[in-house]
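1. Here is a sequence together with a model predicted from it:
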Amino acid sequence: MRWRTVLVVILLLLVPALSGPSTAAERQSTVGSPKGIDSYWPHDGNGGTDAQHYNVNVDYDFASGTLTGRTVVTMRATQDLTSVYLDLLLPVTSAKVDGRVARTTRSTDHEVRVTLPRAVASGTIFRVELTYRGQPARYDYAGEANWLADGQEVVTMNQPHMAPWWFPSNDHPSDKARFDIRVTVARNKLVASNGRYLGRVVKGTRATTHWQTKDPMATYLAFFAAGDFARETGLSGHGIRYYNFVSKRLGSADRLRATQMLRRTANMTDWLENWLGDYPFATTGGVVTKLPVGFALENQTRPTYGSWIYPGVIVHELAHQWFGDSVSVRRWRDIWLNEGFATFAEVAYDAARTGPSVKSWLKRQYDDSCRFASSPLWTLDLRNPGRDDIFDSAVYDRGAMVLAALQGRIGVADLNELLRTWVADHHDGNVAIAQFEALAETVSGEDLDAFFDAWLGGGVPSGTAGNGLTGACPPA
Ligand SMILES: [Zn+2]
(Lines give C-alpha, C1' and ligand atoms only; values in the text may rest on other atoms or scores of the structure.)
Protein backbone atom coordinates (compact mmCIF):
# COMPACT_ATOMS: atom_id res chain seq x y z
CA MET A 1 0.00 0.00 0.00
CA ARG A 2 1.19 3.52 -0.68
CA TRP A 3 -0.67 6.54 0.64
CA ARG A 4 -0.87 9.55 -1.57
CA THR A 5 -0.75 11.94 1.35
CA VAL A 6 -0.10 11.84 5.06
CA LEU A 7 -2.18 9.13 6.64
CA VAL A 8 -5.29 10.39 8.31
CA VAL A 9 -6.23 8.11 11.12
CA ILE A 10 -9.41 6.43 9.98
CA LEU A 11 -9.61 3.72 12.56
CA LEU A 12 -12.01 5.66 14.71
CA LEU A 13 -14.39 2.92 15.60
CA LEU A 14 -12.77 -0.03 17.18
CA VAL A 15 -14.89 -3.09 17.51
CA PRO A 16 -15.08 -3.91 21.20
CA ALA A 17 -13.58 -7.13 22.37
CA LEU A 18 -15.98 -9.91 21.59
CA SER A 19 -16.64 -12.79 23.86
CA GLY A 20 -16.50 -15.46 21.17
CA PRO A 21 -16.57 -19.18 21.84
CA SER A 22 -12.80 -19.53 21.61
CA THR A 23 -11.89 -20.70 25.07
CA ALA A 24 -9.06 -23.19 25.33
CA ALA A 25 -11.58 -25.90 26.09
CA GLU A 26 -13.55 -25.19 22.97
CA ARG A 27 -10.46 -25.07 20.77
CA GLN A 28 -9.72 -28.57 21.93
CA SER A 29 -13.24 -29.55 21.02
CA THR A 30 -14.45 -30.11 17.48
CA VAL A 31 -15.60 -26.52 17.02
CA GLY A 32 -13.32 -24.40 14.87
CA SER A 33 -12.31 -21.03 16.28
CA PRO A 34 -13.68 -17.68 15.08
CA LYS A 35 -10.28 -16.24 15.98
CA GLY A 36 -7.00 -16.43 14.11
CA ILE A 37 -3.38 -15.86 15.15
CA ASP A 38 -3.15 -12.07 14.94
CA SER A 39 -2.95 -10.06 18.16
CA TYR A 40 -3.79 -6.84 16.27
CA TRP A 41 -7.09 -8.17 14.86
CA PRO A 42 -7.90 -11.39 16.72
CA HIS A 43 -11.03 -12.04 14.66
CA ASP A 44 -9.13 -12.05 11.35
CA GLY A 45 -8.83 -15.61 10.13
CA ASN A 46 -10.21 -18.66 11.85
CA GLY A 47 -8.88 -21.68 13.68
CA GLY A 48 -9.21 -25.34 12.74
CA THR A 49 -9.14 -24.93 8.96
CA ASP A 50 -6.55 -24.25 6.27
CA ALA A 51 -8.07 -22.73 3.11
CA GLN A 52 -6.80 -24.37 -0.10
CA HIS A 53 -8.86 -22.73 -2.84
CA TYR A 54 -11.57 -20.10 -3.26
CA ASN A 55 -14.05 -20.37 -6.11
CA VAL A 56 -15.59 -16.90 -5.93
CA ASN A 57 -18.64 -16.04 -8.05
CA VAL A 58 -20.15 -12.61 -7.58
CA ASP A 59 -22.79 -10.63 -9.45
CA TYR A 60 -22.73 -6.88 -8.88
CA ASP A 61 -25.60 -4.54 -9.70
CA PHE A 62 -24.40 -0.95 -10.00
CA ALA A 63 -27.85 0.61 -9.77
CA SER A 64 -28.68 -0.84 -6.34
CA GLY A 65 -25.14 -1.49 -5.11
CA THR A 66 -26.17 -5.08 -4.41
CA LEU A 67 -23.70 -7.94 -4.52
CA THR A 68 -24.96 -11.49 -4.90
CA GLY A 69 -22.34 -14.15 -4.29
CA ARG A 70 -21.71 -17.87 -4.28
CA THR A 71 -18.30 -18.90 -3.01
CA VAL A 72 -16.96 -22.41 -2.55
CA VAL A 73 -14.09 -22.61 -0.08
CA THR A 74 -12.04 -25.79 -0.28
CA MET A 75 -10.51 -26.32 3.15
CA ARG A 76 -8.34 -28.80 4.98
CA ALA A 77 -9.31 -29.60 8.55
CA THR A 78 -6.40 -29.04 10.92
CA GLN A 79 -8.32 -30.71 13.75
CA ASP A 80 -11.42 -32.87 14.07
CA LEU A 81 -14.37 -30.61 13.28
CA THR A 82 -18.14 -30.42 13.67
CA SER A 83 -18.38 -26.73 12.81
CA VAL A 84 -16.19 -24.08 11.22
CA TYR A 85 -16.05 -20.28 10.93
CA LEU A 86 -15.63 -17.97 7.95
CA ASP A 87 -15.18 -14.19 7.89
CA LEU A 88 -17.97 -12.44 5.97
CA LEU A 89 -20.01 -9.29 6.53
CA LEU A 90 -22.85 -9.85 4.01
CA PRO A 91 -25.96 -11.85 5.00
CA VAL A 92 -25.79 -15.56 4.16
CA THR A 93 -28.74 -16.97 2.23
CA SER A 94 -27.79 -20.67 2.09
CA ALA A 95 -24.96 -23.05 2.89
CA LYS A 96 -23.79 -26.47 1.81
CA VAL A 97 -20.88 -28.64 2.88
CA ASP A 98 -19.73 -31.20 0.32
CA GLY A 99 -23.13 -30.79 -1.35
CA ARG A 100 -25.23 -31.30 1.83
CA VAL A 101 -27.36 -28.50 3.21
CA ALA A 102 -25.76 -26.94 6.27
CA ARG A 103 -26.92 -24.56 9.00
CA THR A 104 -25.25 -21.21 9.64
CA THR A 105 -25.38 -18.83 12.59
CA ARG A 106 -23.54 -15.60 13.39
CA SER A 107 -21.42 -15.13 16.48
CA THR A 108 -20.54 -11.57 15.43
CA ASP A 109 -21.14 -9.35 12.38
CA HIS A 110 -17.85 -10.67 11.00
CA GLU A 111 -18.10 -14.40 11.74
CA VAL A 112 -20.31 -16.99 10.07
CA ARG A 113 -20.42 -20.30 11.91
CA VAL A 114 -21.20 -23.27 9.67
CA THR A 115 -22.38 -26.46 11.35
CA LEU A 116 -21.06 -29.40 9.35
CA PRO A 117 -23.74 -31.97 8.39
CA ARG A 118 -21.14 -34.67 9.05
CA ALA A 119 -18.15 -34.47 11.35
CA VAL A 120 -14.84 -34.05 9.54
CA ALA A 121 -11.62 -35.70 10.71
CA SER A 122 -8.37 -33.77 10.98
CA GLY A 123 -6.58 -33.74 7.62
CA THR A 124 -9.76 -34.11 5.56
CA ILE A 125 -10.35 -31.88 2.54
CA PHE A 126 -13.92 -30.54 2.42
CA ARG A 127 -15.87 -27.84 0.61
CA VAL A 128 -18.02 -25.15 2.19
CA GLU A 129 -20.35 -23.33 -0.20
CA LEU A 130 -22.04 -20.12 0.91
CA THR A 131 -24.51 -18.02 -1.02
CA TYR A 132 -24.97 -14.46 0.20
CA ARG A 133 -26.47 -11.16 -0.82
CA GLY A 134 -26.33 -7.60 0.38
CA GLN A 135 -25.16 -4.04 -0.17
CA PRO A 136 -21.48 -4.04 0.82
CA ALA A 137 -21.45 -0.25 1.28
CA ARG A 138 -23.67 -0.71 4.34
CA TYR A 139 -21.08 -2.70 6.29
CA ASP A 140 -18.05 -1.82 8.34
CA TYR A 141 -15.53 -3.80 10.34
CA ALA A 142 -12.84 -2.67 12.76
CA GLY A 143 -13.77 0.93 12.02
CA GLU A 144 -13.29 0.50 8.29
CA ALA A 145 -15.98 1.05 5.64
CA ASN A 146 -14.01 -0.23 2.68
CA TRP A 147 -16.49 -0.57 -0.18
CA LEU A 148 -15.32 1.69 -3.01
CA ALA A 149 -17.91 2.17 -5.75
CA ASP A 150 -20.21 4.61 -7.48
CA GLY A 151 -22.97 4.00 -9.99
CA GLN A 152 -20.53 3.11 -12.76
CA GLU A 153 -17.32 1.74 -11.28
CA VAL A 154 -16.30 -0.53 -8.42
CA VAL A 155 -12.85 -1.52 -7.11
CA THR A 156 -12.36 -3.82 -4.13
CA MET A 157 -9.05 -2.57 -2.74
CA ASN A 158 -7.96 -2.22 0.85
CA GLN A 159 -5.56 -3.47 3.48
CA PRO A 160 -5.56 -5.23 5.85
CA HIS A 161 -9.28 -5.93 5.29
CA MET A 162 -11.30 -6.21 2.08
CA ALA A 163 -12.44 -9.78 1.53
CA PRO A 164 -15.35 -9.82 4.05
CA TRP A 165 -17.18 -7.24 1.92
CA TRP A 166 -17.38 -9.63 -1.05
CA PHE A 167 -16.49 -13.23 -0.22
CA PRO A 168 -16.23 -15.53 2.83
CA SER A 169 -12.71 -16.48 3.86
CA ASN A 170 -10.12 -17.12 6.48
CA ASP A 171 -9.20 -13.46 6.21
CA HIS A 172 -5.56 -13.38 7.23
CA PRO A 173 -2.35 -13.42 5.15
CA SER A 174 -1.06 -16.45 7.07
CA ASP A 175 -3.65 -18.61 5.25
CA LYS A 176 -3.00 -18.11 1.54
CA ALA A 177 -4.91 -20.07 -1.12
CA ARG A 178 -5.48 -20.29 -4.86
CA PHE A 179 -8.36 -18.44 -6.49
CA ASP A 180 -10.83 -18.63 -9.33
CA ILE A 181 -12.77 -15.35 -9.50
CA ARG A 182 -15.81 -14.90 -11.73
CA VAL A 183 -17.56 -11.54 -11.76
CA THR A 184 -20.85 -10.85 -13.50
CA VAL A 185 -21.84 -7.29 -14.41
CA ALA A 186 -23.66 -5.52 -17.24
CA ARG A 187 -22.16 -6.62 -20.55
CA ASN A 188 -20.97 -3.10 -21.43
CA LYS A 189 -18.53 -3.15 -18.47
CA LEU A 190 -15.09 -4.76 -18.30
CA VAL A 191 -13.84 -6.69 -15.27
CA ALA A 192 -10.25 -6.83 -14.00
CA SER A 193 -9.08 -9.23 -11.32
CA ASN A 194 -6.00 -11.23 -10.29
CA GLY A 195 -3.89 -13.55 -12.40
CA ARG A 196 -4.68 -14.96 -15.80
CA TYR A 197 -7.67 -14.00 -17.92
CA LEU A 198 -9.62 -17.14 -18.74
CA GLY A 199 -12.46 -15.67 -20.76
CA ARG A 200 -15.80 -13.93 -20.76
CA VAL A 201 -19.28 -15.37 -21.28
CA VAL A 202 -22.15 -13.10 -22.33
CA LYS A 203 -25.73 -14.05 -21.43
CA GLY A 204 -28.36 -11.53 -22.43
CA THR A 205 -27.48 -8.16 -20.91
CA ARG A 206 -24.91 -9.60 -18.46
CA ALA A 207 -21.37 -10.90 -18.88
CA THR A 208 -19.27 -13.12 -16.60
CA THR A 209 -15.49 -12.68 -16.64
CA HIS A 210 -13.20 -15.39 -15.26
CA TRP A 211 -9.76 -14.76 -13.74
CA GLN A 212 -7.52 -17.32 -12.09
CA THR A 213 -4.44 -17.24 -9.87
CA LYS A 214 -2.41 -20.43 -9.55
CA ASP A 215 -0.03 -19.07 -6.93
CA PRO A 216 -1.35 -18.87 -3.37
CA MET A 217 -2.69 -15.42 -2.54
CA ALA A 218 -3.51 -13.61 0.68
CA THR A 219 -7.21 -12.77 0.92
CA TYR A 220 -6.68 -8.99 1.12
CA LEU A 221 -4.85 -9.12 -2.23
CA ALA A 222 -7.81 -10.69 -4.04
CA PHE A 223 -9.72 -7.98 -5.91
CA PHE A 224 -11.94 -7.12 -8.78
CA ALA A 225 -12.60 -3.87 -10.61
CA ALA A 226 -15.54 -3.39 -12.94
CA GLY A 227 -16.47 -0.41 -15.02
CA ASP A 228 -15.90 1.40 -18.28
CA PHE A 229 -12.25 0.47 -18.72
CA ALA A 230 -9.88 0.50 -21.66
CA ARG A 231 -7.80 -2.67 -21.61
CA GLU A 232 -4.31 -3.26 -22.97
CA THR A 233 -2.44 -6.56 -22.91
CA GLY A 234 0.91 -7.74 -24.19
CA LEU A 235 4.24 -9.17 -23.10
CA SER A 236 7.06 -7.52 -21.19
CA GLY A 237 10.60 -7.77 -22.55
CA HIS A 238 11.04 -10.78 -20.28
CA GLY A 239 7.90 -12.39 -21.72
CA ILE A 240 5.58 -11.71 -18.76
CA ARG A 241 1.96 -11.17 -19.82
CA TYR A 242 0.52 -7.85 -18.63
CA TYR A 243 -3.06 -6.61 -18.44
CA ASN A 244 -3.56 -2.88 -17.92
CA PHE A 245 -6.92 -1.22 -17.29
CA VAL A 246 -7.61 2.53 -17.30
CA SER A 247 -10.98 4.05 -16.52
CA LYS A 248 -12.50 5.69 -19.58
CA ARG A 249 -14.29 8.06 -17.24
CA LEU A 250 -11.08 10.01 -16.59
CA GLY A 251 -10.75 13.31 -18.42
CA SER A 252 -8.82 12.95 -21.68
CA ALA A 253 -5.55 14.41 -20.31
CA ASP A 254 -5.70 12.27 -17.14
CA ARG A 255 -6.60 9.21 -19.15
CA LEU A 256 -3.69 9.64 -21.53
CA ARG A 257 -1.29 10.25 -18.66
CA ALA A 258 -2.57 7.23 -16.70
CA THR A 259 -2.31 5.04 -19.78
CA GLN A 260 1.29 6.11 -20.37
CA MET A 261 2.17 5.61 -16.69
CA LEU A 262 0.66 2.13 -16.60
CA ARG A 263 2.59 1.19 -19.73
CA ARG A 264 5.74 1.49 -17.60
CA THR A 265 4.61 -1.55 -15.62
CA ALA A 266 6.11 -4.06 -18.05
CA ASN A 267 9.60 -2.49 -18.01
CA MET A 268 9.52 -1.95 -14.26
CA THR A 269 8.54 -5.58 -13.67
CA ASP A 270 11.53 -6.62 -15.80
CA TRP A 271 13.83 -4.21 -13.93
CA LEU A 272 12.73 -5.61 -10.58
CA GLU A 273 13.19 -9.16 -11.89
CA ASN A 274 16.78 -8.33 -12.86
CA TRP A 275 17.39 -7.06 -9.34
CA LEU A 276 15.42 -9.49 -7.17
CA GLY A 277 15.25 -12.68 -9.20
CA ASP A 278 12.33 -14.37 -10.93
CA TYR A 279 9.05 -12.47 -10.94
CA PRO A 280 6.91 -14.56 -8.57
CA PHE A 281 3.74 -14.82 -10.70
CA ALA A 282 2.56 -15.56 -14.22
CA THR A 283 1.14 -12.13 -15.07
CA THR A 284 1.54 -8.44 -14.21
CA GLY A 285 -0.31 -5.21 -14.96
CA GLY A 286 -2.43 -2.67 -13.14
CA VAL A 287 -5.67 -0.74 -12.87
CA VAL A 288 -6.23 3.03 -12.73
CA THR A 289 -9.64 3.92 -11.35
CA LYS A 290 -11.64 7.13 -11.58
CA LEU A 291 -12.93 6.50 -8.07
CA PRO A 292 -11.51 8.88 -5.45
CA VAL A 293 -8.88 6.77 -3.72
CA GLY A 294 -6.05 8.16 -1.64
CA PHE A 295 -3.79 5.15 -1.81
CA ALA A 296 -2.52 2.51 -4.21
CA LEU A 297 -2.65 -1.19 -3.40
CA GLU A 298 -0.49 -4.14 -4.42
CA ASN A 299 -3.29 -6.53 -5.41
CA GLN A 300 -1.52 -9.68 -6.52
CA THR A 301 -0.39 -9.36 -10.17
CA ARG A 302 -2.54 -6.25 -10.69
CA PRO A 303 -2.02 -3.23 -8.43
CA THR A 304 -4.69 -0.54 -8.33
CA TYR A 305 -4.00 3.20 -8.47
CA GLY A 306 -5.82 6.50 -8.43
CA SER A 307 -5.55 8.92 -11.33
CA TRP A 308 -2.56 10.54 -9.56
CA ILE A 309 -0.39 7.48 -10.43
CA TYR A 310 3.35 8.30 -10.71
CA PRO A 311 6.47 6.20 -11.40
CA GLY A 312 7.56 5.79 -7.76
CA VAL A 313 4.23 4.34 -6.70
CA ILE A 314 4.28 1.86 -9.60
CA VAL A 315 7.72 0.61 -8.56
CA HIS A 316 6.48 0.43 -4.97
CA GLU A 317 3.40 -1.69 -5.76
CA LEU A 318 5.31 -3.93 -8.19
CA ALA A 319 8.06 -4.49 -5.59
CA HIS A 320 5.28 -5.69 -3.27
CA GLN A 321 4.73 -8.59 -5.68
CA TRP A 322 7.93 -9.99 -4.15
CA PHE A 323 7.73 -8.28 -0.73
CA GLY A 324 4.21 -8.83 0.62
CA ASP A 325 2.45 -10.85 -2.05
CA SER A 326 4.78 -13.78 -2.74
CA VAL A 327 6.61 -13.41 0.58
CA SER A 328 3.78 -12.51 2.96
CA VAL A 329 3.73 -11.46 6.56
CA ARG A 330 3.00 -14.11 9.14
CA ARG A 331 1.34 -11.48 11.32
CA TRP A 332 0.52 -7.83 10.69
CA ARG A 333 3.20 -6.78 13.20
CA ASP A 334 5.72 -7.86 10.52
CA ILE A 335 4.53 -5.13 8.12
CA TRP A 336 8.04 -3.62 7.85
CA LEU A 337 8.89 -6.59 5.61
CA ASN A 338 6.28 -5.26 3.16
CA GLU A 339 6.37 -1.48 3.36
CA GLY A 340 9.98 -0.83 4.28
CA PHE A 341 11.12 -3.10 1.45
CA ALA A 342 8.75 -1.70 -1.20
CA THR A 343 9.81 1.84 -0.25
CA PHE A 344 13.47 0.84 -0.48
CA ALA A 345 12.73 -0.42 -4.00
CA GLU A 346 11.68 3.12 -4.92
CA VAL A 347 15.05 4.40 -3.68
CA ALA A 348 16.97 1.65 -5.49
CA TYR A 349 15.06 2.26 -8.73
CA ASP A 350 15.81 5.99 -8.56
CA ALA A 351 19.46 5.29 -7.79
CA ALA A 352 19.72 3.04 -10.84
CA ARG A 353 18.42 5.83 -13.05
CA THR A 354 18.89 9.52 -12.38
CA GLY A 355 18.37 9.81 -8.65
CA PRO A 356 20.89 9.99 -5.80
CA SER A 357 22.83 6.87 -4.87
CA VAL A 358 21.40 4.78 -2.05
CA LYS A 359 24.29 5.96 0.11
CA SER A 360 23.69 9.66 -0.49
CA TRP A 361 19.92 9.21 -0.13
CA LEU A 362 20.48 7.64 3.29
CA LYS A 363 22.90 10.35 4.38
CA ARG A 364 20.43 13.06 3.45
CA GLN A 365 17.52 11.30 5.19
CA TYR A 366 19.62 10.76 8.32
CA ASP A 367 21.12 14.26 8.41
CA ASP A 368 17.68 15.84 7.91
CA SER A 369 15.94 13.86 10.65
CA CYS A 370 18.48 12.69 13.23
CA ARG A 371 18.05 15.71 15.53
CA PHE A 372 14.35 15.02 15.99
CA ALA A 373 14.62 12.09 18.32
CA SER A 374 11.06 12.43 19.61
CA SER A 375 9.56 12.24 16.10
CA PRO A 376 7.39 9.20 15.38
CA LEU A 377 9.91 8.49 12.60
CA TRP A 378 12.30 7.37 15.32
CA THR A 379 10.12 6.33 18.26
CA LEU A 380 8.01 3.69 16.52
CA ASP A 381 9.05 0.09 17.19
CA LEU A 382 9.28 -1.33 13.67
CA ARG A 383 9.24 -4.88 15.03
CA ASN A 384 5.84 -4.24 16.61
CA PRO A 385 4.34 -0.91 15.50
CA GLY A 386 0.87 -1.54 16.93
CA ARG A 387 -2.30 -2.01 14.94
CA ASP A 388 -3.09 1.67 14.48
CA ASP A 389 0.40 2.38 13.12
CA ILE A 390 1.06 -0.42 10.65
CA PHE A 391 0.87 2.18 7.86
CA ASP A 392 2.64 4.96 9.77
CA SER A 393 5.13 6.79 7.58
CA ALA A 394 7.93 5.54 9.87
CA VAL A 395 7.27 1.98 8.66
CA TYR A 396 7.89 3.23 5.11
CA ASP A 397 10.56 5.88 5.53
CA ARG A 398 12.70 4.57 8.39
CA GLY A 399 11.79 1.14 7.06
CA ALA A 400 13.59 1.96 3.79
CA MET A 401 16.47 3.60 5.66
CA VAL A 402 17.08 0.30 7.50
CA LEU A 403 17.81 -1.47 4.20
CA ALA A 404 19.89 1.43 2.90
CA ALA A 405 21.90 1.31 6.12
CA LEU A 406 22.19 -2.46 5.87
CA GLN A 407 23.67 -1.97 2.40
CA GLY A 408 26.17 0.46 3.98
CA ARG A 409 27.00 -2.11 6.65
CA ILE A 410 27.30 -5.33 4.61
CA GLY A 411 27.87 -3.95 1.10
CA VAL A 412 25.84 -3.88 -2.11
CA ALA A 413 26.71 -7.43 -3.18
CA ASP A 414 25.68 -8.98 0.14
CA LEU A 415 22.50 -6.92 0.38
CA ASN A 416 21.42 -7.98 -3.10
CA GLU A 417 22.25 -11.61 -2.37
CA LEU A 418 20.29 -11.33 0.87
CA LEU A 419 17.19 -9.93 -0.87
CA ARG A 420 17.35 -12.49 -3.67
CA THR A 421 17.79 -15.36 -1.22
CA TRP A 422 14.96 -14.03 0.93
CA VAL A 423 12.40 -13.95 -1.89
CA ALA A 424 13.58 -17.29 -3.32
CA ASP A 425 13.54 -19.11 0.03
CA HIS A 426 10.08 -17.83 0.97
CA HIS A 427 8.32 -17.80 -2.41
CA ASP A 428 4.56 -18.21 -1.80
CA GLY A 429 5.28 -18.37 1.94
CA ASN A 430 4.91 -16.43 5.18
CA VAL A 431 7.64 -14.77 7.20
CA ALA A 432 8.48 -12.91 10.41
CA ILE A 433 11.05 -10.16 10.92
CA ALA A 434 13.31 -12.36 13.07
CA GLN A 435 13.78 -14.65 10.05
CA PHE A 436 15.08 -11.76 7.97
CA GLU A 437 17.48 -10.71 10.70
CA ALA A 438 18.80 -14.27 10.90
CA LEU A 439 19.23 -14.59 7.12
CA ALA A 440 21.08 -11.26 6.99
CA GLU A 441 23.59 -12.66 9.48
CA THR A 442 23.94 -15.90 7.50
CA VAL A 443 24.49 -14.16 4.16
CA SER A 444 26.88 -11.51 5.50
CA GLY A 445 28.64 -13.69 8.06
CA GLU A 446 28.34 -10.81 10.51
CA ASP A 447 26.71 -10.41 13.92
CA LEU A 448 23.98 -7.87 13.19
CA ASP A 449 22.05 -7.94 16.48
CA ALA A 450 23.22 -4.46 17.49
CA PHE A 451 22.56 -3.12 14.00
CA PHE A 452 18.95 -4.32 13.91
CA ASP A 453 18.30 -3.26 17.51
CA ALA A 454 19.56 0.23 16.68
CA TRP A 455 17.48 0.54 13.50
CA LEU A 456 14.29 -1.39 14.24
CA GLY A 457 13.77 -0.98 17.95
CA GLY A 458 13.24 2.77 18.08
CA GLY A 459 15.52 5.70 18.81
CA VAL A 460 18.02 7.46 16.53
CA PRO A 461 20.92 5.16 15.57
CA SER A 462 24.33 6.70 16.19
CA GLY A 463 26.16 7.61 12.98
CA THR A 464 28.64 4.76 13.08
CA ALA A 465 29.94 2.41 10.42
CA GLY A 466 28.43 -0.41 12.47
CA ASN A 467 25.06 1.19 11.90
CA GLY A 468 25.82 1.55 8.19
CA LEU A 469 26.25 5.32 8.49
CA THR A 470 29.11 7.57 7.44
CA GLY A 471 29.07 10.23 10.14
CA ALA A 472 27.54 11.59 13.30
CA CYS A 473 24.35 13.61 13.36
CA PRO A 474 25.26 17.13 12.15
CA PRO A 475 24.69 20.05 14.53
CA ALA A 476 21.65 22.22 13.95
ZN1 LIG B 1 3.18 -0.46 0.18
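-> Yep, it's here. Numbering: from 1, shown residues only.
2. Looking at strand pairing, list the partners for T74.
-> Beta-bridge pairing of T74 under DSSP bridges involves H53, R127.
3. Just confirm N194 contacts I181, I think it does.
-> Yes. N194 is within contact range of I181, at 6.6 Å (criterion: Cβ atoms under 8 Å). Just so you know, the C-beta spots here come from the backbone N, C-alpha and C atoms, and that holds for glycine as well.
4. Could you name every residue contacting both of these two?
-> Common contacts of N194 and I181, defined by Cβ atoms under 8 Å, 6 or more residues apart in numbering, comprise 211, 213, 222.
5. now the nearest residue to the first one once chain neighbours are set aside, which residues is it bridged with?
-> In other words, W211. Once flanking residues are discounted, W211 sits nearest to S193: 3.7 Å by Cβ to Cβ, 6 or more residues apart in numbering. For S193, the beta-bridge partners are F224 (DSSP bridges).
6. didn't S193 look like it was pressed against R302?
-> Yes. If you go by Cβ under 8 Å, S193 and R302 touch, sitting 7.3 Å apart.
7. quick one: common contacting residues for those two?
-> With Cβ under 8 Å, 6+ apart, S193 and R302 have common neighbours F223.
8. of the shared contacts of N194 and I181, list those near the ion.
-> For the ion, no contacts are drawn from these by Cβ under 5 Å from the ion.
9. In strands, which of those fall?
-> 211, 213 (DSSP state E).
10. residues near the residue nearest to W211, how many?
-> 29 (other Cβ atoms under 10 Å).
11. Next: the one 4 residues further on.
-> Burial of Y197, expressed as a neighbour count using other Cβ under 10 Å, amounts to 18.
12. mind listing what L406 touches?
-> Shown in contact with L406 (Cβ under 8 Å, 6+ apart): 415, 418, 440, 448, 451, 455, 468.
13. does it belong to a helix or a strand, and which?
-> Per DSSP states H and E, L406 falls inside helix 393-410.
14. next helix or strand past that helix?
-> Per DSSP H and E, the helix or strand that comes after helix 393-410 is helix 412-425.
15. Please name the nearest non-neighbouring residue to the residue in the stretch 151-300 of the chain positioned nearest to the ion.
-> In the stretch 151-300 of the chain, the residue that lies nearest the ion is E298 (6.0 Å; Cβ to the ion). Closest residue to E298 apart from its sequence neighbours, by Cβ to Cβ, 6+ apart: H320 at 3.3 Å.
16. show me the contacts for the residue nearest to W211.
-> 181, 183, 209, 211, 222-225, 302.
17. With neighbour count and pLDDT as extra columns, can I get those in CSV?
-> As requested, these are exported to CSV (neighbours: other Cβ atoms under 10 Å; pLDDT from 0 to 100):
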residue, neighbour count, pLDDT
I181, 25, 99
V183, 27, 99
T209, 22, 98
W211, 26, 98
A222, 25, 98
F223, 26, 98
F224, 26, 98
A225, 27, 98
R302, 30, 98
